[in-house]
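Engineer: I need the structure of the sequence given here:
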Amino acid sequence: PTKMLEAVAAGLVVLVLRSGPAVPLYGSVDWAVVLDGPTPANPFHTSVPANATFSAPNGVPIKIQAFFYQNYTRRLTESTANGTEILTAVGDAHYRIRFTPEAVGVWTWSLHGGSAQGVTSGMFTVVNSRNKPFVRVAKNKQHFAAGDDLVFLLGQDIVFPGRDPILTTYNYTKFYKYSNWGTYMYDVYLTKMAASGGNFVRLWIGLSCNETGATPLSLAGGPVGSFGRYDLKAAWRIEYILALAERLNINVLLCFESQQSLQMLFPSSVYAAANGGPLESAAEWWTNPAAQSEMQQRLQYAVSRYGHSTAVFAWQLFNEWNDWPGYSVASALPVSQALSAFLREHDVYSHMIQNSFGADPLPVFYPDIDFATFHMYGPSDMAAYATEHIQPLGAASQLPFFWGEFGLSNNGTTDGALWWTSDATNVHVHNAMWGSAVSGAAGGAMHWWWHEFDDHNAYTQFAPVRAFMNRVDVLGRRWTFFDASPSNGTAPTPPHACNTTALPQMHFDTRVGTTVDHFVAENASGCQAACCSNAACDGWVYTTSQPKGNFPPCVERGRCCWLKEHVGYADLEPSANSTAGVERGAGPLPKWTASCMRGSAYPPTVHASVGARFAGTVAPSAAINDTVAMWVRNPAHTWQRQHLASAGLVVGPVELAIPLMAPGHYSVIVVDTSSGAVVQTRDVAVLPGNNTLVVVVPPFKYDCAIVASLKST
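Structural biologist: All right, here's what the predicted structure looks like:
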């Protein structure tokens, strides 16, 4: 680093500016501050003995507080998965001041500190650069932006390195790959993520426990952790990951604490009175002054040490807050308001603030957060869940929303087993990503099981979604979900029958979701004779509500035919007695007549959003939508039912009619969702007065994505 100056004043011994005489815009000033007096008993306390004031070219002063720091070098004992990260201290612990300027021009500074509270001052020049600005909520209030650039989040939860200390409680004792690699694990995973188009990771810097329960990133815990004092090795690791993320253009969500610290890990937590903390019981956290003061101290330390980094996406106060002992809206709301107000006052960079709930956030908390997330594991149809959740929550809150945690199961053993046995092709990741992207979410769904994610190379799911979103002018529009149904109503008639006998009264449950498609036939012998004569049954699909043993023989044989002989149904018109459907939870289901035939069976499921240009922050009218982003899929292509989609049944061609579109000429681009490549381009006209855009979806087996945008009027 360039030594710009050494200033000696009353109370200040040395200042070293790393950035050189010219500081790039959104680059960092990094000063080491050596004081003349002794280090305070608690060097992490908010009343630190040094701070600086930076004055912008327009004269506005910005106050920055120093933070306590220890530098380290790292090494890996061996390059195999059994290696261990070793950190070795370099030099003495001391205070530092960091600052990132957000305007070009001449800045002045003054530094205060030491026993005599001496002052030294100077100036530096900030020059233009191509560095990324801090990420903010976009003007459309539905997405994120860095300057004028869309930041559409694709990534995962990689919340800490090594073995999961929490999930051992859930009988998940497997050691992860790279269990002891520390920051080296992030070198591997974040590099793979960035190379595939990923740009988001979530870190937990909480789990404030002693060595039992802490992770290598536990800022307020760890082997040397105690209440109110922080682990400098963990702090250094967090800093390393942020620097890596900056180089890779990855946005980092920092979560300060998780419910497990006050649940099953409370006996080993720094909060417990038995460990020197202030709490006799975990439920006291909400009203205990020392606990609340320490949380503000922790926030201040993070703002001072990490806030300068443009890789910091947002501060997440807590994980699954509503699962904390003693939680109630009455107890949580004052804490939420106080901590959010503290950050807004002390974070000069105005990073976004968020709070994670295990359930959906309640409207009473919306004023304290800048965006919202939800957590859900195991939906049978990931895409349907994304769409059904994101749209109403986003509309109600007027906040950006995305799926913050998901997986096949919230149990590690179950998730791993299901992934290998039921979804080796990553369909659940694929569908959660695409269902989120076209439903107006601010990002894709974020998978929790990062080691399984790596084992399955699920990073490849990022690039096609990224390529598609890059084709959509997202930021200049407000987006509304649109339920697009096929205008022609049916799939093409299959080419030939499985047998010569048709079944006029074979009924189907065509809903997707937790109920798997199944047969309900009035003529068991007819079904068996028509489609299953001498066919060997090699499997069937059933749910816990309809176990295999409850199916009549025809249903088993019918399912066998579906799997074995690619049998589908052709006539999708409801029969005359359509209201007399099968009773199942939500009430009567429609009956569908069908013939037992080979060939195309499914009408497509469509997820789509329409975008309307807006001036400022308000969309002027829904009648001037000029962009459509849609994903059209075979409804059988879910992680539980993908064998049906793989059987060779082709969906389409089908027409989709989108009303309320601006008149003019549209460019319609069809994208391959496995690669992101364009497979078809055509021009379509919308006539004045009609305002309906008709899109013809070409035949496909699994899914395709389409963007239609107005190119001229």
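
Engineer: where along the stretch 551-700 of the chain do the helices fall?
Structural biologist: With DSSP state H, counting those that start in this stretch as the criterion, the stretch 551-700 of the chain has helices at 553-565, 642-645.

Engineer: hey, least reliable of those helices by pLDDT?
Structural biologist: Mean pLDDT is lowest for helix 553-565 among the helices of the stretch 551-700 of the chain, at a mean of 28.

Engineer: so what's the nearest residue to residue 471 once chain neighbours are set aside bridging to?
Structural biologist: Counting by Cβ to Cβ, 6 or more residues apart in numbering, residue 707 is the residue found nearest to residue 471 once chain neighbours are left out, at 5.2 Å. Any C-beta I mention is one placed from the backbone N, CA and C, and that applies to glycine too. Per DSSP bridges, the residues bridged to residue 707 are residue 629, residue 669.

Engineer: Neighbours of residue 707, how many?
Structural biologist: 22 (other Cβ atoms under 10 Å).

Engineer: isn't it right up against residue 631?
Structural biologist: No. Counting by Cβ atoms under 8 Å, residue 707 does not reach residue 631; the two are 10.1 Å apart.

Engineer: contacts for stretch 364-378?
Structural biologist: Residues outside stretch 364-378 that contact it (Cβ atoms under 8 Å, 6 or more residues apart in numbering) are 137, 144, 314, 320, 329, 332-333, 336-337, 340, 352-361, 385, 389, 393, 397-410, 415, 442, 448.

Engineer: in the stretch 301-450 of the chain, what spans have low per-residue confidence?
Structural biologist: Within the stretch 301-450 of the chain, not a single segment meets pLDDT under 70.

Engineer: so where do the strands sit in it?
Structural biologist: With DSSP state E, counting those that start in this stretch as the criterion, the stretch 301-450 of the chain has strands at 312-319, 352-354, 372-375, 401-405.

Engineer: What sits closest to residue 426 if chain neighbours are left out?
Structural biologist: Nearest residue to residue 426, sequence neighbours excluded (Cβ to Cβ, 6+ apart): residue 458, at 4.9 Å.

Engineer: List the residues that contact that neighbour.
Structural biologist: Listed by Cβ under 8 Å, 6+ apart, the contact set of residue 458 reads 426, 429, 447.

Engineer: which among those gets closest to residue 641?
Structural biologist: Nearest to residue 641 among the contacts of residue 458: residue 426, at 15.1 Å, using Cβ to Cβ.

Engineer: Which strands and helices lie in contact with the helix or strand harbouring residue 253?
Structural biologist: Using DSSP states H and E, residue 253 maps to strand 251-258. Strand 251-258 is packed against strand 200-204, helix 232-248, helix 289-306, strand 312-319, with contacts defined by 3 or more Cβ pairs under 8 Å, 6 or more residues apart in numbering; DSSP states H and E.

Engineer: mind listing what it pairs with, with the direction of each?
Structural biologist: Strand 251-258 is paired, per DSSP bridges, with strand 200-204 (parallel), strand 312-319 (parallel).

Engineer: Would you check how far apart the residue nearest to residue 426 and residue 198 are?
Structural biologist: Distance, residue 458 to residue 198, by Cβ to Cβ, to the nearest Å: 10 Å.

Engineer: same check, this time on residue 474
Structural biologist: Distance from residue 474 to residue 198, by Cβ to Cβ: 18 Å.

Engineer: if I pick residue 710, what's in contact with it?
Structural biologist: By Cβ under 8 Å, 6+ apart, the contact set of residue 710 is 626, 627, 661, 662, 664, 665, 666.

Engineer: Between those residues, which sits nearest residue 254?
Structural biologist: Nearest to residue 254 among the contacts of residue 710, with distances taken as Cβ to Cβ, is residue 627, at 33.8 Å.

Engineer: Please name the residues that touch that closest one.
Structural biologist: 472, 473, 477, 610, 611, 707, 708, 709, 710.

Engineer: still on that earlier bit, among the contacts of residue 710, which ones are in strands?
Structural biologist: Judged by DSSP state E, the subset of the contacts of residue 710 located in strands is 626, 627, 664, 665, 666.

Engineer: nearest to residue 641, of the residues you listed?
Structural biologist: Among those, residue 627 lies closest to residue 641 (Cβ to Cβ), at 31.6 Å.

Engineer: Find me the pLDDT at that closest one, would you?
Structural biologist: 94.

Engineer: just the angle between the strand ranked longest in the chain and helix 232-248, please?
Structural biologist: Using DSSP E, we find that the single longest strand of the chain is strand 85-99. Strand 85-99 and helix 232-248 are oriented at 70 degrees to each other (axes from the mean of the first three to the mean of the last three Cα atoms, to 10 degrees).

Engineer: hey, C-alpha coordinates of strand 85-99 in CSV?
Structural biologist: The C-alpha trace of strand 85-99 is given here as CSV (Å, rounded to 0.1, in the frame of the first residue of the first chain):
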residue,chain,number,x,y,z
GLU,A,85,-7.6,-23.4,7.7
ILE,A,86,-5.1,-21.9,10.1
LEU,A,87,-5.1,-18.1,10.9
THR,A,88,-1.9,-16.5,12.2
ALA,A,89,-1.9,-13.0,13.7
VAL,A,90,0.2,-10.4,12.0
GLY,A,91,1.3,-7.4,14.0
ASP,A,92,-0.6,-5.9,17.0
ALA,A,93,-4.3,-5.3,17.3
HIS,A,94,-5.2,-1.7,16.7
TYR,A,95,-8.0,0.6,15.6
ARG,A,96,-8.8,1.4,12.0
ILE,A,97,-11.0,3.8,10.1
ARG,A,98,-12.6,2.9,6.7
PHE,A,99,-14.6,5.1,4.4
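
Engineer: Which is the succeeding secondary structure element to it?
Structural biologist: Going down the chain from strand 85-99, the next helix or strand is strand 105-113, by DSSP H and E.

Engineer: Does whichever helix or strand comes after that following strand pack against any helices or strands, and if so which?
Structural biologist: Sequence order places strand 118-127 as the next helix or strand after strand 105-113, per DSSP H and E. Packing contacts for strand 118-127, counted by 3+ Cβ pairs under 8 Å, 6+ apart, involve strand 12-17, strand 22-24, strand 105-113.

Engineer: try it again with 10 Å
Structural biologist: Counting contacts by 3 or more Cβ pairs under 10 Å, 6 or more residues apart in numbering; DSSP states H and E, strand 118-127 is packed against strand 12-17, strand 22-24, strand 29-35, strand 50-55, strand 105-113.

Engineer: Dump those into a markdown table; add distance to residue 64, mean pLDDT and mean neighbour count as well.
Structural biologist: Formatted as a markdown table, the helices and strands packed on strand 118-127 follow (distance: least, Cβ to Cβ, whole Å; pLDDT from 0 to 100; neighbours: other Cβ atoms under 10 Å):
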| stretch | distance to residue 64 | mean pLDDT | mean neighbour count |
| --- | --- | --- | --- |
| strand 12-17 | 13 | 43 | 19 |
| strand 22-24 | 14 | 90 | 17 |
| strand 29-35 | 9 | 85 | 20 |
| strand 50-55 | 5 | 92 | 19 |
| strand 105-113 | 9 | 89 | 18 |
